[in-house]
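Trainee: show me the folded form of this:
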Amino acid sequence: MTLLLGCIADDFTGATDLANNLVRAGMRVVQTIGVPASPLAAEVDTVVVALKSRTIAPAEAVAQSLDALRWLKVQGARQVYFKYCSTFDSTAEGNIGPVTEALMDALDCDFTIATPAFPDNKRTVFKGYLFVGDVLLNESGMQNHPLTPMTDPNLVRVMQAQTRRKVGLIDHVTVAKGAAAIGEHIAQLRREGVGVAIVDAVSNDDLMRLGPALADMPLVTAGSGVAIGLPANFGLAPSSAASVLPAASGLQAVVSGSCSLATNRQVADFIASGRSALAIDPVQIASGINVVAQALAWAAPLIEQGPVLIYSTADPEAVKSVQGRLGVAEAGAMVEEAIAAIARGLIERGVRQLVVAGGETSGAVVQALGIAQLQIGAQIDPGVPWCHAHSDAADGAGLHITLKSGNFGSDDFFTKAFTFLG
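Mentor: Numbers count the residues shown, from 1 in each chain. Predicted coordinates:
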């Protein structure tokens with residue numbers, strides 16, 4: 001198999017986000033959970049290798065990313081895409097910069113671009129500054145993220161702090177002039193010793209203009225937005241056939257570990273609609289109470305009546321209070337483990353349509369379900385598709401699952417998602 005595009009994503013929701021845009025643009029895509037142990041048998045254009053590397057130690061993130069790169073090169077990938085969040089989630093140490101540098105070194109690549117722009121989800125970059133909707137990144141709620149608080153919206157500064165290479169900017173004026181002007185600007189930046197360039201993009205038109213300028217670039221780093229402009233470089237066009245999934249059946253449920261503003265609104269909307277919801281308490285988990293068994297016992301009589309929601313979502317002040325008592329890493333890990341165990345229990349009890357909210361939570365759930373790869377289906381909201389997978393928790397049967405980034409989706413996402421499966 002020769003891949004047109006080999007992708008490495010730093011979390012599981014980000015991987016499906018990227019795969020979703022590639023499928024919509026006409027590519028046949030398989031998403032793997034971690035680096036496969038052997039070549040894929042499927043005939044596809046793109047493989048997205050989903051890692052859980054966004055918040056781990058930089059050295060380990062680099063090692064996992066290089067493992068993924070080696071596998072993709074063996075599959076013959078013609079171009080490599082490193083995908084991170086549309087809010088450029090990272091700590092002061094990385095992991096976007098360190099992974100980018102390691103991939104550049106491995107590919108003998110002296111220049112690449114970086115842009116998390118995803119206009120369909122109101123993530124835009126202007127003069128190097130990242131906006132979420134109408135506000136700067138550091139005013140969007142991301143400044144309160146429990147693991148990767150983003151307090152500086154200037155992506156040139158953020159990236160420069162994480163890399164030894166010189167970071168520059170391809171601004172909106174250049175992007176508006178099209179691929180030729182972008183190419184000329186890239187050549188100029190190279191002459192100036194720039195190794196990584198942040199790229200402005202405020203619309204899908206900007207991303208489509210950027211696409212052809214990246215055709216010969218060995219490595220592209222971006223959020224998922226840039227993906228809409230790449231398939232045409234390989235002669236592909238949008239096709240609905242790429243997103244067809246098997247028919248859906250079984251019970252429905254939602255599990256949520258995200259504490260983002262968007263997910264808080266989605267939880268509130270679900271509860272306001274009169275559906276059944278249960279909050280789990282990290283402090284109870286830490287005290288040894290079997291929260292998993294309690295949640296599954298609560299769900300048992302309700303799940304036949306329609307979708308139920310089990311969540312640990314909370315406002316920033318509540319999250320900080322729990323972190324202060326238990327520790328940041330400890331609180332996060334305990335919640336992820338509990339929600340993953342609850343998700344597995346729900347699947348064992350007949351759930352075959354599962355919505356998962358939160359990047360770290362999605363990674364834990366997919367691993368708990370023993371899912372090795374995902375077939376990417378139709379989009380529910382920008383960046384969030386339904387997927388189809390097989391799990392030993394479902395006795396090997398197929399199930400539909402959507403992995404929603406905490407920041408994505410409309411307020412009614414938890415209720416409307418199931419309507420897309422009929």
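Trainee: which residues touch Ser53?
Mentor: Applying Cβ atoms under 8 Å, 6 or more residues apart in numbering to Ser53 gives the contacts Asp10, Asp11, Glu60, Ala61, Gln64, Ser65, Asn95, Val99. (Each C-beta comes from the backbone N, C-alpha and C, glycine too.)
Trainee: mind checking the SS state of the fifth one?
Mentor: Which is Gln64. When classified by DSSP: H, G, I helix; E, B strand; the rest coil, Gln64 comes out as helix.
Trainee: distance of it from Ala50?
Mentor: Applying Cβ to Cβ, to the nearest Å, the value for Gln64 to Ala50 is 11 Å.
Trainee: any regions of the stretch 251-400 of the chain where pLDDT drops low?
Mentor: 313-319, 322, 326, 328-329 (pLDDT under 70).
Trainee: go again using 80 as the cut-off
Mentor: 283, 313-332, 396 (pLDDT under 80).
Trainee: can you map out the strands along it?
Mentor: 251-256, 277-279, 308-311, 351-357, 373-381, 384-390, 398-404 (DSSP state E, counting those that start in this stretch).
Trainee: end to end on stretch 273-281, go ahead and measure it.
Mentor: 23 Å (Cα to Cα, to the nearest Å).
Trainee: if we can go back for a sec, return a ChimeraX selection command for the buried portion of the contacts of Ser53.
Mentor: With 16 or more other Cβ atoms under 10 Å as the criterion, this ChimeraX line picks the buried residues out of the contacts of Ser53:
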select :10,11,61,64,65,95,99
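Trainee: need the max-distance pair from the contacts of Ser53.
Mentor: Asp11 and Glu60 (14.0 Å; Cβ to Cβ).
Trainee: mean neighbour count for the strands of the stretch 251-400 of the chain - can I get that in JSON lines?
Mentor: As requested, the strands of the stretch 251-400 of the chain are arranged in JSON lines below (neighbours: other Cβ atoms under 10 Å):
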{"stretch": "strand 251-256", "mean neighbour count": "24"}
{"stretch": "strand 277-279", "mean neighbour count": "16"}
{"stretch": "strand 308-311", "mean neighbour count": "25"}
{"stretch": "strand 351-357", "mean neighbour count": "26"}
{"stretch": "strand 373-381", "mean neighbour count": "22"}
{"stretch": "strand 384-390", "mean neighbour count": "22"}
{"stretch": "strand 398-404", "mean neighbour count": "26"}
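Trainee: of those, which approaches Ile186 most closely?
Mentor: strand 373-381 (30.7 Å).
Trainee: check which strands are paired with the closest one and give the direction for each one.
Mentor: Using DSSP bridges, strand 373-381 pairs in its sheet with strand 29-33 (antiparallel), strand 384-390 (antiparallel).
Trainee: could these go into CSV alongside distance to Leu278?
Mentor: Putting the strands paired with strand 373-381 into CSV (distance: least, Cβ to Cβ, whole Å) gives the following:
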stretch, distance to Leu278
strand 29-33, 27
strand 384-390, 23
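Trainee: for Ile280, find the nearest of these.
Mentor: So among these, strand 384-390 is nearest, using Cβ to Cβ, at 23.0 Å.
Trainee: pull the residues that contact the closest one.
Mentor: So strand 384-390 is contacted by 13, 16-17, 19-20, 23, 31, 243, 245-246, 369, 371-380, 396-405, 408-409, 413, 417, 420-421 (Cβ under 8 Å, 6+ apart).
Trainee: sorry, back to before: any chance of the strands of the stretch 251-400 of the chain in JSON lines with distance to Asp206 as columns?
Mentor: Formatted as JSON lines, the strands of the stretch 251-400 of the chain follow (distance: least, Cβ to Cβ, whole Å):
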{"stretch": "strand 251-256", "distance to Asp206": "33"}
{"stretch": "strand 277-279", "distance to Asp206": "40"}
{"stretch": "strand 308-311", "distance to Asp206": "36"}
{"stretch": "strand 351-357", "distance to Asp206": "29"}
{"stretch": "strand 373-381", "distance to Asp206": "20"}
{"stretch": "strand 384-390", "distance to Asp206": "22"}
{"stretch": "strand 398-404", "distance to Asp206": "25"}
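Trainee: nice, that's everything, thank you.
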